[in-house]
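Colleague: Pasting a predicted model and its sequence here:
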Amino acid sequence: MVLDQAKSATDVDRRSVLKTIGAGGGIALAGCLNGGDDEGGDFPMKITLEVNADNDDRLEMVELIAASLEKTDYFEAKVKTYEWTTYVSRVMGSEYPNKGVVPCIGLAGTFNPGSFCNALHHTDNIGQCCNLTGVGNEELDSMIEDARYGIEVSQDNELRGKRYDEVWNELADNKFSSITHFDVQSVITTNEVHNFVSYPFQQSLISHALYSAADEQVAWIDRDNAASPDSRSSLSDLKEGGELSVGLGANPSSFDPPYSTDTTSSIAQSYIFEYLTTSDSQGNVYPWLAEDYTIEDVQDIDLMAYEPYMTEVQTTEEDGLDTDAQVIVQHPEDSPADQDTVRVLTPTEAADAVADGTYGMHFRYELEEGVSFHNGEEMTAEDVIASLKRVENSQISAQTFDSVLHAEAVDDYTVDFYAQIPDAEAERLLTSTTAIMPKEVAEAGNGEVDPRNSVDPVGTGPYEFGEIDDGNYFTVESFDSYWMHDKGIQNKPWFDGPSEFPNGPVVDTVYNEVVQDTSTRQGSLQANELDVTYGLNASTLDSFVESEDFIVDSVSAGGYEYIQYPPAVEPFDDPRFRKAINYLIPRQMIVDNILNGWGEPAWTSLPELARGAGTADYEALESKVRPTNEHKPEEAVSLLEEVIEDKGYSSNV
Amino acid sequence: MSLRRFIVKRLLAIIPILFGVSIITFGLVHLTPGDPVQQILALNPRAGPTEKQQLREQFGLAAPIWEQYLNWMKGVFTGDFGEVYRSRRAVSEVIYSRLPETLLLGLFGWVFGLVIAIPTGIYAAVHKDQLGDTVSRFVALSGISIPNFWLGLMLILIGSLTLGWWPVTAPKRAPLLSFDMLWYLILPGLTIGTAAASSIMRVMRTSMAEEMNKEYVTAARAKGLPERTVVLKHVLRNSLISVVTLAATLTASIVAGSVIIEQVFAWPGLGQTFIQAIRNAEYNLIMAITLFTGVFIILANLVADILYAALDPRIRYD
Amino acid sequence: MALLEVEDLTVNFYTQDGTVNAVDNLTYSIERGEKFGVVGESGAGKSVTALSLMRLIDSPGHIESGEIRFKGQDILSMSEDEVRSIRGNEIAMIFQDAQTALNPVYSVGEQIAEAMRHHLDYSKSEAKEETIDLLAKVGIPEARKRYSDYPHEFSGGMQQRAIIAMALSCDPDLLICDEPTTALDVTIEAKILEEIESLAEEFDTAIQLITHDLGVIAEICDRVMVMYGGKPVEKAPVEELFYDPKHPYTVGLMSSIPRIGDSTDRLQTIPGKMPDLVELPPGCSFHPRCPYAEEACTLSEPELLDTKTGKPASEVGTNHSAACLAYSGDLTGELDYSVTVNEDSKSNAPASQITGDNQ
């Protein structure tokens, strides 16, 4: 169910974790290996696959896997479905790993290769998103952490890649989970829209296509000259102006960046807000609202170094922390479940630590000068600090303060950000979740920054907020005093695109219409009532591809789906058993038959967009790992037989 | 008893009904698995018990259920239906902003329902057991059997994509009562209306066929009145009584049907809001919409009762 | 030329159980201003006759053959529009059950006025005034107020008066009264009958009075036709019918009426019952119940014969005819009954008794 983004649109987090409604799929294998109660032996084994009911593609996929398992005669496979919210509570329950069921779920990964191994396998994520069946061990945890944290990897990309390779190989050997496929993000436009390219992350799909200097990407409307589905239009034919009609799959729940995590809200926000940095579609980071940034210092410390600065807070009955302040670091040896008080670092103590010279990394950002907000004020360092403050205790605080330790203004145009420990992702993560807004706006109440509430969203972006009819549509209009118009993109040192490349998006107005039903949205596009949309079914994509009047562009994205085995229950404790089941997953067939080709089989755990940082040599990795993920029923059977014999299970096969 | 007293009595009766409805809905909604905090936080990595607790308190979900209910009730009496958890908007504001659209769509559905049903019913009754009757009954049966959303999609396919007479989605920047908007509403109105029309038409037909056998019809004919007058003046008014009753009960199904139709036609009414609210476990919104719907249906039945008496002078409110 | 001439009228009803021959070759006529009675048991075809006069027979009924000449024109071959202009206007009907004949949702006044508006082209106010007059004339007090009252607000007797008003509203030439007092209690019945009679006098309207009640016939009618099994079995002026009945069925009817001062213990009845009109007995329909039946009666169906000459009534204009083979000379036995007239002031009607061997 990759492509029905309308379903997943409502709740996709901008970073990682759960794909939404439509994303959860669970395979529950009920290990019925206590022999006794039925006439047969342990094999054929009863297996139960669990999945969420509202995602058709995922359900089909799970049923296909079940059929594949049954075909070997070693399994009696059953598929159980749950409604989404029920499913979520079920798989995150603390008892879940002992049920002997394998949940299938979908996540949205990012440029960070860790998002394809950490969430699923790190033991910290047991009982929450998304290590659902309690896999992993300390050694694996360390391997994963070492690939990201530490002075060496933060400075040496190749080393980092090598460390990740070790992780992938370890995972291939152990097969704690099986990633089935990676998503493809596609966007469809009429042929009046030129060069509207897709982007791996739906959250900024539209704004990226409209203008991305890092990718030398700009789209325009030309209602008189048709674009060709087969080739890009030339930059010299660019036409300015016009109103673009975009079909959204859901109503944006909020225009307030720290207070919304669903995709459609992110789309809305991405017109209006910008960040200190930006990245291209390979994941390389460039200074944006910062004119330049430098890594001033890296220190080889770990979280224990903050112990002297920590303060104590009470724990609550629900094992939470009784404090209103943002918890930045919790003492690694303290556990709220077991203790009455716990040591933590809040922003106050973090500032103390930094003043004392204790920090992992120190980044200094020189801000661009003369950047106007939509309300006419100039962006200064205090706006940046206030914007970060707004993230505290918001819905994205956990992700942000996972790496951020502290930030402070040095002068009007200089801001320092501190990372907790040396972190290879710090360059990207320190600033990419903090949307820059003016201080007064940043100090508004929780979730108030929304035209439907009391405070209009104000940012630095090329579009400012126009009007809204809730549930119906909203518009954004070109901001005349957009800072890049004055600065000129050519003056960004890293930019080496053509000289005609514009200094901002050229489309005047974007009219965003909410059309939740995919069929209706499709019809609307067909009737040319919309110019652009996304999130349509695979079958309709094919018909748009074939038509000369529409252009479909797709790229390999970060979303993926996986099934996970419960090693606490026999025979899943045996890696050979898990590998056997993995051999029975028909990845190519899943992509071809269920997704109609709109997907990539996961031969490794690494999709295209993360290959930059995630491996030292992708080809070598693939040649090693791919054979373990291909559909090989005979291998599976021989592994099963091995396990049966070794462990002494009874078998009637 | 006079009409005024009757109405007042009935309006007062609404209160206990709504009370019951609210309790049941509240209970059901809280009993179903999943809650808004979990919905929001499920998407958050490492959002732990602290965040959960904080949010729970913010949303007023930390108190025991009966207390939550009482707080909610208190709010209702002052017109405060709580807020939407995700966006912090006042629920009442959300509802009022979508109410005109919802009512307009419902109205169209109604009008089409009656406009289709009554003439067809009359026609079928007058031509009872002939070809016209059979065809009408077949059409009515299809109307009831065809799923709403399929019909809606088909109308879009034919009306918008093939014929091009209607836009696929509503002309969103046009004012609600403009010609463009009202023209657009024909398709969704037809979709809703057809389903309701089918039931009404059948009752109309049966009712009329029954009445046509009565003595006063012969007497009217014996007076030499033209057949049209006999049917449309004498028979029709007697037949409408059962139709009105049915039509009022159909309000509920029109409301239910519009939820789906709003999805199909991307009509920004309360139906869509309702679906989203259920998905997101937005308790306050769910309760409020349920309540409004309940009031609406009760009022529709009240109107039916009043019409009933207006149609049939034998009925007085005793 | 008589006002109404019915000739050889046959009406059939096609039902699932078979074809019901409701009216079979019926012939009679009514003069202007005349009061003509039609008598018979239930199911004899009386109401069907009435409805056929206005062509109100609906499927499964069907007027098979015959002519109904009203003022010289055959109703059965007129167009729908022509028939409609006669209905309510020149021929009007008073129904048996006033309650159901009135539309419950419209005011009584309206139902009377609408015929006037339609046929006589009155304006709303004219029609209303006329109606109020009419209501007063039929004996409804507070006519102006009652104009806007609804049928259920009237008593049974008032309802019937309203029906009468409705029928008389356009001053018809022929009034068909279908059991007008059957649904009323006796005291009202008398009044209503009086009304009908006086109104008919006043408006110079002919009446076809359909009833099963001989007493009503005696009150009002000038001439009578007795029907049995869809056919006429006797036609006579009213006094002759009572004092000198000619057909065994009529005799039976007469004798079954209880008289005041009668001292018999049991009521006389005609044994048996009316035959199912789908399957009429062969020959004379009455023969299974007739005390004087002979073999000849099973063979041929008698037509109306002049009781004096025995010739078919259709050929010879006659006052009194009966459909019995006794008058054609085919019977061997005699119709053996006697009619005695008690000049008892308490009972005005002559009594008849069936005596003789075949009792």
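Modeller: Happy to help now that I have it. Numbering: from 1, shown residues only, chains lettered A, B, ... in the order given.
Colleague: so where is the chain shaky, pLDDT-wise?
Modeller: Defaulting to chain A. Low-confidence segments of chain A, defined by pLDDT under 70: A:1-41.
Colleague: my bad, chain B
Modeller: Scanning chain B with the threshold set as pLDDT under 70 gives B:1-2, B:33-34, B:42-48, B:316-318.
Colleague: What is the neighbour count of the residue in chain A positioned nearest to chain B?
Modeller: In chain A, the residue found nearest to chain B is A:Thr85; the distance is 2.6 Å by C-beta to the nearest C-beta. (Glycine included, C-beta is placed from N, CA and C.) A:Thr85 has 23 neighbouring residues, counting by other C-beta atoms under 10 Å in any protein chain shown.
Colleague: Using CSV, write down the CA coordinates of the one helix or strand it maps to.
Modeller: Following DSSP states H and E, one finds A:Thr85 within helix A:84-91. C-alpha atoms of helix A:84-91 as CSV (Å, rounded to 0.1, in the frame of the first residue of the first chain):
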residue,chain,number,x,y,z
TRP,A,84,-5.6,0.2,12.8
THR,A,85,-5.8,1.7,16.2
THR,A,86,-6.4,-1.7,17.8
TYR,A,87,-3.4,-2.9,15.9
VAL,A,88,-1.1,-0.2,17.1
SER,A,89,-2.0,-0.7,20.8
ARG,A,90,-1.5,-4.4,20.3
VAL,A,91,1.9,-4.5,18.7
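Colleague: Could you check the angle the helix or strand just after it makes with helix A:84-91?
Modeller: For helix A:84-91, the succeeding helix or strand toward the C-terminus, using DSSP H and E, is strand A:102-108. Compare the direction of strand A:102-108 with that of helix A:84-91 by axes from the mean of the first three to the mean of the last three C-alpha atoms, to 10 degrees and you get 120 degrees.
Colleague: Is strand A:102-108 positioned near chain B?
Modeller: No. On the criterion C-beta under 8 Å from any C-beta of the partner chain, strand A:102-108 is out of touch with chain B, staying 9.7 Å away.
Colleague: and the next element down the chain from that strand?
Modeller: Downstream of strand A:102-108 (by DSSP H and E), the next one is helix A:118-121.
Colleague: Packing partners of that next one?
Modeller: For helix A:118-121, the elements it packs on are helix A:138-146, judged by 3 or more C-beta pairs under 8 Å, 6 or more residues apart in numbering or on different chains; DSSP states H and E.
Colleague: list the buried ones in stretch A:90-97?
Modeller: Using 16 or more other C-beta atoms under 10 Å in any protein chain shown as the test for burial, stretch A:90-97 gives A:Arg90, A:Val91, A:Met92, A:Tyr96, A:Pro97.
Colleague: From the rest of the structure, what touches it?
Modeller: A:24, A:26, A:50, A:82, A:103, A:105, A:126-129, A:132-134, A:566, A:568-569, B:42 (C-beta atoms under 8 Å, 6 or more residues apart in numbering or on different chains).
Colleague: 6 Å instead?
Modeller: Applying C-beta atoms under 6 Å, 6 or more residues apart in numbering or on different chains, the external contacts of stretch A:90-97 come out as A:Gly26, A:Pro103, A:Gly127, A:Gln128, A:Leu132, A:Thr133, A:Gly134, A:Pro566, A:Ala568.
Colleague: got it, and stretch A:322-335?
Modeller: In contact with stretch A:322-335 (C-beta under 6 Å, 6+ apart) are residues A:303, A:306, A:310, A:313-314, A:316, A:321, A:342-347, A:350, A:392-393, A:397, A:401.
Colleague: again, only using 8 Å
Modeller: A:303-304, A:306-307, A:310, A:313-316, A:321, A:336, A:342-350, A:392-393, A:397, A:401, A:404-406, A:420, B:50.
Colleague: Equivalent analysis for stretch C:66-75, please.
Modeller: C:1, C:3-10, C:25-26, C:52-55, C:76, C:83, C:86, C:90-91, C:173-174.
Colleague: wait, B:Tyr308 sits on B:Ala247?
Modeller: No. Between B:Tyr308 and B:Ala247 no contact is recorded; they are 10.8 Å apart, counting by C-beta atoms under 8 Å.
Colleague: Which one's more surrounded, those two?
Modeller: Higher neighbour count among B:Tyr308 and B:Ala247: B:Ala247, with 25 against 17, using other C-beta under 10 Å.
Colleague: For that one, which non-adjacent residue is spatially closest?
Modeller: Using C-beta to C-beta, 6 or more residues apart in numbering or on different chains and skipping residues adjacent in sequence, the residue nearest B:Ala247 is B:Ile200, 5.8 Å away.
Colleague: ditto for C:His62
Modeller: Nearest non-adjacent residue to C:His62 (C-beta to C-beta, 6+ apart): C:Asn12, at 5.5 Å.
Colleague: Could you measure from that neighbour over to chain B?
Modeller: 19 Å (C-beta to the nearest C-beta, to the nearest Å).
Colleague: CA atoms of the longest helix seen in chain A as CSV?
Modeller: If you go by DSSP state H, chain A has its longest helix at helix A:157-174. What follows is helix A:157-174, C-alpha atoms only, in CSV (Å, rounded to 0.1, in the frame of the first residue of the first chain):
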residue,chain,number,x,y,z
ASN,A,157,32.2,9.0,6.0
GLU,A,158,33.9,5.9,4.6
LEU,A,159,34.4,4.5,8.0
ARG,A,160,30.8,5.1,8.7
GLY,A,161,29.9,3.3,5.6
LYS,A,162,32.1,0.4,6.7
ARG,A,163,30.5,0.2,10.1
TYR,A,164,27.0,0.1,8.6
ASP,A,165,28.2,-2.7,6.3
GLU,A,166,29.0,-4.6,9.4
VAL,A,167,25.5,-4.0,10.7
TRP,A,168,23.9,-5.1,7.4
ASN,A,169,25.9,-8.2,7.4
GLU,A,170,25.1,-9.0,10.9
LEU,A,171,21.4,-8.5,10.2
ALA,A,172,21.7,-10.7,7.1
ASP,A,173,23.2,-13.4,9.3
ASN,A,174,20.6,-13.2,12.0
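Colleague: Summarise which helices and strands it is packed against.
Modeller: Checked by 3+ C-beta pairs under 8 Å, 6+ apart, helix A:157-174 has helix A:138-146, helix A:151-155, helix A:575-583, helix A:611-614, helix A:618-629 packed alongside it.
Colleague: hmm, 7 Å instead?
Modeller: helix A:138-146, helix A:151-155, helix A:611-614, helix A:618-629 (3 or more C-beta pairs under 7 Å, 6 or more residues apart in numbering or on different chains; DSSP states H and E).
Colleague: Identify the residues contacting A:Gln526.
Modeller: B:Leu161 (C-beta atoms under 7 Å, 6 or more residues apart in numbering or on different chains).
Colleague: how about 10 Å then?
Modeller: Contacts for A:Gln526 (C-beta atoms under 10 Å, 6 or more residues apart in numbering or on different chains) come out as A:Ile188, A:Thr190, A:Thr540, A:Ser543, A:Phe544, A:Ser547, A:Asp549, A:Phe550, B:Leu157, B:Ser160, B:Leu161, B:Val168.
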